[in-house]
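Peer 1: can't give you the sequence, but here's the structure:
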């Protein structure tokens, strides 16, 4: 077994394992350079869950505060150098994923406002309505 582990490590060092363009052997995981990427992703996800569950309620400043914080962190994630977002294409895809992901997560949680759906088919119908018309259908 030890021989297999040594061979695997040796193989991994010589063969670059690429996932999303990052060399997993040499990548510095958890570095502060990726902090803005993860912060922007977290803010957008939490905001989508909040606005999905509280679709038609809340105060007006909640949405404004979310828009400002999401925009600032997304811009910082793109501007600050990061091993995850090295090319302009990845930066564009990241911004597109934030916007599209926000709408999908918001639509996934919107059927639970004001109460849970009665069945999975009801959930599916409400999910599609939320995607098409917004969470406050």
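Peer 2: Good, I have the coordinates. Predicted, not measured: the structure shown is a model, and the values here were computed from it.

Peer 1: going forward, measure contacts and count neighbours with C-alpha atoms only.
Peer 2: Will do.

Peer 1: Grab the most central residue of the protein for me.
Peer 2: For the chain, the residue sitting closest to the mean C-alpha position, by Cα atoms, centre = their mean, is residue 41 at 4.3 Å.

Peer 1: Show me the helices in this protein, by range?
Peer 2: Applying DSSP state H to the chain gives helices spanning 2-14, 35-53, 60-79, 88-109, 120-133.

Peer 1: Save the ones you listed as a markdown table, and put in mean pLDDT too.
Peer 2: Putting the helices of the chain into a markdown table (pLDDT from 0 to 100) gives the following:
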| stretch | mean pLDDT |
| --- | --- |
| helix 2-14 | 46 |
| helix 35-53 | 94 |
| helix 60-79 | 93 |
| helix 88-109 | 95 |
| helix 120-133 | 93 |
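
Peer 1: Out of these, which is the most enclosed?
Peer 2: helix 35-53 (a mean of 20; mean count of other Cα atoms under 10 Å).

Peer 1: got the contact list for stretch 121-134?
Peer 2: 103-104, 107-108, 110-111, 117, 135-137 (Cα atoms under 8 Å, 6 or more residues apart in numbering).
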